[in-house]
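1. Next comes the sequence, and after it the predicted model I'd like to discuss.
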Amino acid sequence: MVNEHYDAAVIGMGPGGEVAASRLLAAGKRVAVVERELIGGECGYWACIPSKTLLRPLEAAAGAAGAAGLDGPQPDWAGMRAYRDTMIRHLDDSAQVEGYRSQGAAVFTGTARLAGRDPWTVAVDEHRLTADHVVVATGSSASRPPIAGLEEVEVWTNRQATTVEEIPGRAVVVGGSAVGVELGQFLARMGCSVTLLQRGPGLMSREEPRVGELAAEALRGDGVDVRTGVVPHRAYRRGGDSVVVLEDGSEAVGDVVLLATGRTPRLEDLGLDRVGVEAGPAGLRVDERCRAAPGLWAIGDVTGVALFTHVAKYQGGVVAANILGGDRTAAYTGVPRVVFADPEIAAVGLTAAQARDRGFDPVSAEVDLTEGLARPWTFATSPRGRAGVVADRASRRLLGAWAVAPLAGEWIHTAALAVREGIGIDRLRDGIFQFPTYSEGYVLAVEALDM
Ligand SMILES: Cc1cc2nc3c(=O)[nH]c(=O)nc-3n(C[C@H](O)[C@H](O)[C@H](O)COP(=O)(O)OP(=O)(O)OC[C@H]3O[C@@H](n4cnc5c(N)ncnc54)[C@H](O)[C@@H]3O)c2cc1C
Ligand SMILES: NC(=O)c1ccc[n+]([C@@H]2O[C@H](COP(=O)([O-])OP(=O)(O)OC[C@H]3O[C@@H](n4cnc5c(N)ncnc54)[C@H](O)[C@@H]3O)[C@@H](O)[C@H]2O)c1
């Protein structure tokens, strides 16, 4: 039994927990970190890193096939898989554990539970530790949609999909936003026959409807059977088949059913009720300083604020600054949202409908980048790419932007900066962008606004 006191205990060492712990350690604080699986979290082993690693060679192969005078290279699954395994460290975090120990952290392996407050007490198996501050950074798990009989069929989440050894012949993907689009495209490009079932009217349900249309067009181009406006209702096994029955009675058949229907905050093992802290349906509620209760902080997916690694890392920085005596508030305007499909799908800020709901008078414009720019034509022989902007008529400020185009995940940051900093449309119209780049598309889009 260990019973030690720390300045801070960090529960969950995904990207959010890692930033908080590292900054506190660098400032000389006594820090305990608790991780029950692998330091690096979902992102490092089963989410961002393997998915981007697996998508990249397929994007490069398609890019080479579309560039003038190149014979497209063929993806080599054994090579892709081996590099994916390197990138996910063969699911081994011993170097990370040693790294944190060498920085002075006490590293506990196990599930942490809040066992008391005043002082905050954290239990990990037989260990009890107390701390002035506790940072909850426990992330999220794949949600299970209410489909009767799911337990009968071969169900995958992001975990099985990103660590896949043999590509299945057929997959039914349930859910058509970030996870469904990225992993659906990956499987399809690897030769799997993919049926994607999306409940709402379009893909990418939180983005402009146009973005969803373009995402569906891209997936259909890869042979995905995209079915929108459907409700998966029941699942059953028929021989080796995993069958999903829709509310209209039609069926989708696969070897596996991949769940891509959102995330559930990991709160169940924390014992929040024992310490009198209540969580909401989206996660552990925090104030603008990421504080859940005096001395209790929360960051990343478990807060439900915005489920991205960059947001978890940002919040980790905010919390560390506050624990170190600062008074830092988090601001979420202008957070970029990128889906690493081919072409990349990137967005920032508000959609026109969201802007209207918030009382703005939105003006939108969409441009075909292949019509007004040179870069798409120097990039590929059959180029594609579209971008859109939303501005507020009264303040003449940019409220949001999106692009479905090569490298959009890089050049969306110009718009992200403009939205975050409130740069006016007239300033943007006066901008000078490198020729020939996709970034010039902003000038086109902003000029196309009727204001
Ligand atoms: C397929 C997929 C692809 C994605 N791609 C991207 C991307 O490209 N870019 C992006 O920004 N975001 C991406 N995301 C989202 C991203 O993975 C998450 O936003 C990010 O991992 C959140 O980080 P976190 O630190 O909050 O939690 P996590 O990464 O989930 O880490 C939480 C950690 O806490 C540990 N833990 C949980 N409970 C306890 C406990 N009681 N005791 C001890 N330890 C505990 C867990 O084991 C885990 O290691 C993707 C998600 C998925 C599913
Ligand atoms: N590149 C990235 O940054 C990246 C990549 C993957 C995931 N993520 C993050 O991870 C989180 C989870 O992503 P996600 O795509 O799983 O969830 P999501 O919540 O973004 O989308 C889930 C989708 O599934 C649909 N859906 C829900 N229930 C359904 C049902 N029963 N049948 C059919 N469709 C259903 C919803 O309409 C929605 O479009 C997101 O917040 C996302 O930001 C980020």
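-> Structure's in. What do you need? Ligands and ions are numbered 1, 2, ... in the order given.
2. Helices of the stretch 51-200 of the chain, residue ranges please.
-> Using DSSP state H, counting those that start in this stretch, the helices of the stretch 51-200 of the chain run over residues 77-87, 94-102, 158-162, 178-189.
3. Identify whichever of these lies nearest to A320.
-> Closest of the helices of the stretch 51-200 of the chain to A320 is helix 94-102, at 14.7 Å (criterion: CB to CB). Backbone N, C-alpha and C define where each C-beta goes, glycine included.
4. Show the average pLDDT along stretch 338-353.
-> Averaging pLDDT along stretch 338-353 yields 98.
5. Could you list the buried residues of that stretch?
-> Residues 338-352 are the ones in stretch 338-353 that count as buried (16 or more other CB atoms under 10 Å).
6. and what of stretch 24-33?
-> 24-25, 29-33.
7. From those, which land in strands?
-> 31-33 (DSSP state E).
8. Up against ligand 2, what does the stretch 251-400 of the chain have?
-> Contacts of the stretch 251-400 of the chain with ligand 2, taken as CB under 6 Å from any ligand atom, map to 260-263, 307-308, 338-340.
9. at 5 Å instead, please
-> By the rule CB under 5 Å from any ligand atom, the part of the stretch 251-400 of the chain lying against ligand 2 is 260-263, 307.
10. Closest to G388 out of those?
-> If you rank those by distance to G388 using CB to CB, L307 comes first, at 23.2 Å.
11. so that closest one touches P265, yeah?
-> No - counting by CB atoms under 8 Å, P265 is not a contact partner of L307; they are 9.4 Å apart.
12. Quick check: neighbours shared by those two?
-> 140, 301 (CB atoms under 8 Å, 6 or more residues apart in numbering).
13. neighbour-wise, which of the two wins?
-> It is P265, of L307 and P265, that has more neighbours when counted by other CB atoms under 10 Å, with 25 against 21.
14. mind listing what the more buried one touches?
-> Counting by CB under 8 Å, 6+ apart, P265 has contacts 138-140, 279, 282-284, 301-304.
15. could you measure it against ligand 2, distance?
-> 11 Å (CB to the nearest ligand atom, to the nearest Å).
16. now that residue, nearest residue through space, not along the chain?
-> G283 (3.7 Å; CB to CB, 6 or more residues apart in numbering).
17. Give the burial count for G300, as a bare number.
-> Counted with other CB under 10 Å, G300 comes out at 38.
18. ok, now how distant is G28 from ligand 1?
-> Separation of G28 from ligand 1 (CB to the nearest ligand atom): 23 Å.
19. so V179 touches R159, yeah?
-> No - with contact defined as CB under 8 Å, V179 does not count as touching R159 (11.3 Å).
20. With neighbour numbers in mind, choose between the two.
-> Of the pair V179 and R159, V179 is the one with more neighbours under other CB under 10 Å, namely 24 against 15.
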